[in-house]
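below are the sequence and a predicted model for it; my questions follow.
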Amino acid sequence: MSVAESRRIVLFRHAKADWPQVADHERPLAERGRKDAPVAGRKLADTGIPFDLALCSTATRTRETWKLAVHELPQRPRTVYEERIYEASPGELIALLNETPDDIRNVVLIGHNPGVQGLAEVLCGSAEGDARERMSRRGFPTAAFAVVSFDGSWKSLEPGVGTLTDYWAPSR
């Protein structure tokens with residue numbers, strides 16, 4: 001694969017988490033999260049993107065979200081559970097994505113706010129249709145995702161190089 005080919009990153013925020021008396025990293029999904037995650041998975045499938053790799057935070061709520069969502073995809077990508085996604089800033093997430101091998105074309109990153117939303121905002125120098133307006137209006141609620149495309153190698157991923165091509169959030 002040429003490094004000049006278009007690549008896509010889907011930034012997927014975990015579904016709604018519960019607030020039991022456990023450490024934040026160990027918080028499980030709430031009932032609404034268990035309902036929203038498969039719906040988000042179906043919407044991910046509807047994008048038609050063949051994911052090569054899933055990078056998922058090690059937090060309980062992200063692992064549970066991915067487990068419920070991935071069953072809705074036509075093909076299950078290789079999944080790497082990455083502790084650096086938890087509480088990561090947009091810059092730290094870019095550094096992590098810069099490590100992706102160039103034979104990988106499409107990545108889904110399952111993470112947390114404010115990092116996921118911040119990353120969507122800093123990567124996208126442009127947007128298609130009304131995707132940016134919808135994301136600005138809705139914010140980045142739980143189980144939402146943004147699709148970002150860019151040209152070049154993963155090492156060339158930096159602020160402003162992406163195009164926001166799609167955005168979806170559960171209706172409330």
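Thanks, I have the structure now.

mind checking how far the closest residue to residue 135 other than its chain neighbours is from residue 106?
Once flanking residues are discounted, residue 135 sits nearest to residue 167: 4.4 Å by C-beta to C-beta, 6 or more residues apart in numbering. C-beta here means a position set from N, CA and C on the backbone, and glycine is covered the same way. According to C-beta to C-beta, to the nearest Å, residue 167 and residue 106 sit 17 Å apart.

of the two, give the one with the bigger neighbour count.
residue 167 (26 against 19; other C-beta atoms under 10 Å).

picking up where we left off before, on the three-state scheme, the residue nearest to residue 135 is what?
strand (DSSP: H, G, I helix; E, B strand; the rest coil).

that one bridge partners, please.
residue 146 (DSSP bridges).

ramachandran coordinates for residue 142?
phi -60, psi 140 (degrees, to the nearest 10).

quick one: neighbours of it, just the number.
22.

that one reaches residue 35, doesn't it?
No. With contact defined as C-beta atoms under 8 Å, residue 142 and residue 35 do not form a contacting pair (11.2 Å).

so what touches the top helix by length along the chain?
Scanning the chain for the helix with the most residues, using DSSP state H, yields helix 31-46. For helix 31-46, the surrounding residues in contact (C-beta atoms under 8 Å, 6 or more residues apart in numbering) are 10, 12, 14-18, 29, 61, 64-65, 68-74, 108, 142-145, 168, 170.
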